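Asks: For reference, the sequence and a predicted model appear below.
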Amino acid sequence: MSSVKTPTIRAPRTPRASSLPSSWARDATPTGAPGMGAAGTIACRAEAVGLAWALGMAIFTAASFVCYLADLPVATATGAALLAAAAGLLVGPRVPWPRRADATWADIRVGSRVVYVLSLGIVLIQVAVAVWVATHSLLRHGDAWTVWSPKARLFALGRLPRGYFTSHVWSTHPDYPLNLPLAEAPFFRLPDPLGLTLASLVGAGCLVALLLLFYAGMARLYDCAMAALATAAMALVPPMAVLAGYGYADVPLALYGGASALYLLLWWRCRQPRDLALMGLLAGGAIWTKKEGLLMAVLLLLALIAGEAARRQAPRRARALAVLGATAAAALLPLPWLVFSLVAHPVGRDFLPVTPAVFVAHLGRLPTIAASLPREALNLRRWGPFWPIVGAAVAIALASRRLGPAGWGLLLLLAAQLGLDGMGYVFSDWSPYAAHIDTSLYRLMLQAVPLAVLLLVEAVRAPRTRR
């Protein structure tokens with residue numbers, strides 16, 4: 001009798017996930033795949049919208065600045081921004097997500113559902129506060145009135161002279177990067193009150209983008225309830241919604257710097273090349289948004305270099321390419337402004353030359369500066385319990401030796417950022433310099449809030465990807 005061969009039944013192939021950590025490799029599924037549950041779908045769309053805003057805005061303003069220097073029509077920059085926004089909407093669905101993102105609403109525990117809904121409500125309330133403040137302040141508060149919106153109006157009218165950047169007559173800080181005013185400028189071309197209202201909402205838009213990106217990033221490391229809770233914790237920091245509504249550049253800087261730190265953490269955890277590229281691009285957006293952004297970007301790149309140096313199991317060439325790629329991405333968006341600054345030397349007002357002689361001459365300021373940081377962190381009327389909670393959580397994690405390598409990296413990043421920001425007051429040209437501290441230190445600390453939230457979550461709950 002002839003034997004009958006039994007057909008071999010092969011299991012369906014799973015998506016390739018060799019670059020993911022081992023705990024995710026067997027669970028990887030691409031976002032947007034058939035059967036994706038509510039958690040992955042919401043996080044995917046949140047990331048896509050957040051990237052479209054952040055990168056679209058930065059590319060539009062950088063292209064606008066190039067058009068300004070080359071006397072080209074602004075329509076050229078608008079087209080580049082639309083392409084960037086479309087790319088942001090397309091890049092989100094390409095990231096592998098853990099299989100737990102396939103969970104439907106019915107699969108989520110009741111307690112997690114409650115946390116998720118309450119956190120989402122908090123986020124929506126804080127966004128509504130930012131919108132309300134924006135539509136009522138209309139860029140008439142503080143730096144929004146004296147620094148950012150005047151430049152935006154001049155760009156909108158096409159009347160910003162090249163001599164503006166080297167003139168001592170202007171009090172609007174010609175040496176500040178132009179991401180925010182160039183983002184507001186197109187709205188000032190519209191008739192009032194519509195144009196002014198829309199320009200006032202740019203800061204609130206940056207807050208929304210930051211919250212969306214944080215939710216999406218946390219969802220890749222934790223469940224949706226933890227992601228929503230971490231996002232709500234950041235939204236609840238009182239100055240966040242207020243300064244976003246006022247139109248200060250500190251919230252846009254928090255968007256770029258904080259999101260860059262988030263993607264650095266995702267690179268450490270997941271080893272996805274697109275996270276490394278986004279980390280670099282967003283770090284470049286920070287440089288292009290405010291002067292402190294250069295410090296943030298340098299620290300992030302140094303943290304990346306340290307992390308790659310510690311990853312001895314990877315080939316040296318791969319580690320070098322990772323650092324070079326992120327550095328090139330970080331230089332891409334601010335390059336026109338950096339080159340222009342080196343050539344034109346825009347006039348600064350607030351600080352003395354950064355030289356060893358100036359530092360030695362003002363060493364006596366260090367005790368006052370050192371005391372001002374903890375005093376500001378304990379200002380409960382301004383911050384609520386945010387900074388004490390972060391400090392307590394980190395102290396407990398350190399005492400119990402639960403802080404992993406990524407947590408140490410975030411802790412050193414936060415300490416370096418706050419420490420070097422405070423060190424800048426040694427070179428303050430204000431008289432008295434203490435007034436400079438009183439009026440700006442809280443805004444420097446606001447820029448570090450996203451990084452502090454990442455550290456808080458790392459200290460409280462180790463991600464599932466930790467081996």
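Replies: Ah, there it is.
Asks: Residues in contact with whichever strand or helix holds A244: which ones?
Replies: If you go by DSSP states H and E, A244 is part of helix 238-246. Contacts with helix 238-246, where a contact means C-beta atoms under 8 Å, 6 or more residues apart in numbering, come from 126-127, 129-134, 136-137, 139, 141-142, 144, 200, 203-204, 206-207, 234-235, 250-251, 254, 382-384, 442-443, 446, 449. To be clear about C-beta, it is placed using only N, CA and C from the backbone, and glycine gets the same treatment.
Asks: What remains of these if I keep only buried residues?
Replies: Neighbour counting by 16 or more other C-beta atoms under 10 Å classes 126-127, 129-131, 133-134, 137, 139, 141-142, 144, 200, 203-204, 206-207, 234-235, 250-251, 254, 382-383, 442-443, 446, 449 among those as buried.
Asks: Show only the entries of those found in helices.
Replies: 126-127, 129-131, 133-134, 137, 142, 200, 203-204, 206-207, 234-235, 250-251, 254, 382-383, 442-443, 446, 449 (DSSP state H).
Asks: ok, and for the helix holding A244, which residues are buried?
Replies: For helix 238-246, by 16+ other C-beta under 10 Å, it's 239-246.
Asks: what's the answer for stretch 360-367, then?
Replies: Buried residues in stretch 360-367, counting neighbours by 16+ other C-beta under 10 Å, are found at 362, 365.
Asks: Could you give the average pLDDT over it?
Replies: Mean pLDDT, computed over stretch 360-367, is 95.
Asks: And the contacts of that stretch?
Replies: Here stretch 360-367 makes contact (C-beta under 8 Å, 6+ apart) with 425-428, 433.
Asks: what about D275, how many neighbours?
Replies: 22 (other C-beta atoms under 10 Å).
Asks: same check, this time on L253
Replies: Neighbour tally, L253, other C-beta under 10 Å: 28.
Asks: roughly how far apart are it and L207?
Replies: Distance, L253 to L207, using C-beta to C-beta, to the nearest Å: 12 Å.
Asks: try P174
Replies: For P174, the distance to L207 - C-beta to C-beta - is 27 Å.
Asks: same question, T289
Replies: Plainly put, T289 is 14 Å away from L207 if you go by C-beta to C-beta.
Asks: and if you look at H345?
Replies: 33 Å.
Asks: try R365
Replies: According to C-beta to C-beta, R365 and L207 sit 33 Å apart.
Asks: ditto for G407
Replies: G407 is 26 Å from L207, where distance means C-beta to C-beta.
Asks: Return the residues in contact with L333.
Replies: Residues near L333 by C-beta under 8 Å, 6+ apart: 58-59, 62, 281, 284-285, 287-288.
Asks: What of A216?
Replies: For A216, the contact set (C-beta under 8 Å, 6+ apart) comprises 43-44, 46-47, 50, 92, 227.
Asks: Report the two of those separated the most.
Replies: The span of these, defined through C-beta to C-beta, is set by G92 and A227 at 15.1 Å.
Asks: Between these two, point out the one with more neighbours.
Replies: A227 (25 against 21).
Asks: What sits closest to Y248 if chain neighbours are left out?
Replies: D143 (5.5 Å; C-beta to C-beta, 6 or more residues apart in numbering).
Asks: count of residues packed around that neighbour?
Replies: Neighbour tally, D143, other C-beta under 10 Å: 22.
Asks: Please report how far it lies from G158.
Replies: 23 Å.
Asks: about what we covered before: a markdown table for the contacts of A216, including distance to L321, pLDDT and secondary structure?
Replies: Converted to a markdown table, those look like this (distance: C-beta to C-beta, whole Å; pLDDT from 0 to 100; DSSP: H, G, I helix; E, B strand; the rest coil):
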| residue | distance to L321 | pLDDT | secondary structure |
| --- | --- | --- | --- |
| A43 | 29 | 83 | helix |
| C44 | 28 | 84 | helix |
| A46 | 30 | 91 | helix |
| E47 | 25 | 92 | helix |
| G50 | 27 | 94 | helix |
| G92 | 24 | 52 | helix |
| A227 | 31 | 92 | helix |
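Asks: wait, which of these is closest to L72?
Replies: G50 (29.2 Å).
Asks: Number of residues surrounding R311?
Replies: 14.
Asks: Now it: phi and psi?
Replies: phi -90, psi 70 (degrees, to the nearest 10).
Asks: mind listing what it touches?
Replies: R319.
Asks: And S372, by the same measure?
Replies: Counting by C-beta under 8 Å, 6+ apart, S372 touches 422, 437, 441.
Asks: One more: V453?
Replies: 214, 230, 233-234, 258.
Asks: what ranges do the helices span in the stretch 51-200 of the chain?
Replies: Along the stretch 51-200 of the chain, the segments classed as helices by DSSP state H, counting those that start in this stretch run 75-91, 110-137, 142-143, 149-157, 179-188, 194-200.
Asks: Quick check: which of those is nearest to R317?
Replies: helix 75-91 (25.6 Å).
Asks: What does the pLDDT read for M1?
Replies: 45.
Asks: One more: V115?
Replies: So, for V115, pLDDT stands at 87.
Asks: ok, it - how many residues close by?
Replies: Count around V115 with other C-beta under 10 Å applied: 19.
Asks: Distance check, it against G280.
Replies: From V115 to G280 the distance is 33 Å (C-beta to C-beta).
Asks: what's the span of stretch 305-318, first residue to last?
Replies: Terminal residues of stretch 305-318 lie 12 Å apart, using C-alpha to C-alpha, to the nearest Å.
Asks: average model confidence for it?
Replies: 93.
Asks: And it, how far out from the chain middle?
Replies: Mean C-alpha position of stretch 305-318 versus that of the full chain (C-alpha atoms, centre = their mean, to the nearest Å) differs by 25 Å.
Asks: W53 reaches L210, doesn't it?
Replies: No: counting by C-beta atoms under 8 Å, W53 stays clear of L210, with 9.3 Å between them.
Asks: Same drill for those two, tell me which one is more crowded.
Replies: Taking other C-beta under 10 Å, W53 and L210 do not tie; L210 has more neighbours (29 against 22).
Asks: Name the nearest residue to the more buried one, sequence neighbours excluded.
Replies: Leaving aside its chain neighbours, L210 sits nearest to L255 (4.3 Å; criterion: C-beta to C-beta, 6+ apart).
Asks: Walking through this structure, point out its strands one by one.
Replies: Using DSSP state E, the strands of the chain run over 29-30, 96-97.
Asks: ok, of the ones you listed, where does mean pLDDT dip lowest?
Replies: Looking across these, the weakest by mean pLDDT turns out to be strand 29-30, at a mean of 36.
Asks: which one of the contacts of V453 has the most neighbours?
Replies: Neighbour counts for the contacts of V453 (other C-beta under 10 Å) peak at F214, which has 29 neighbours.
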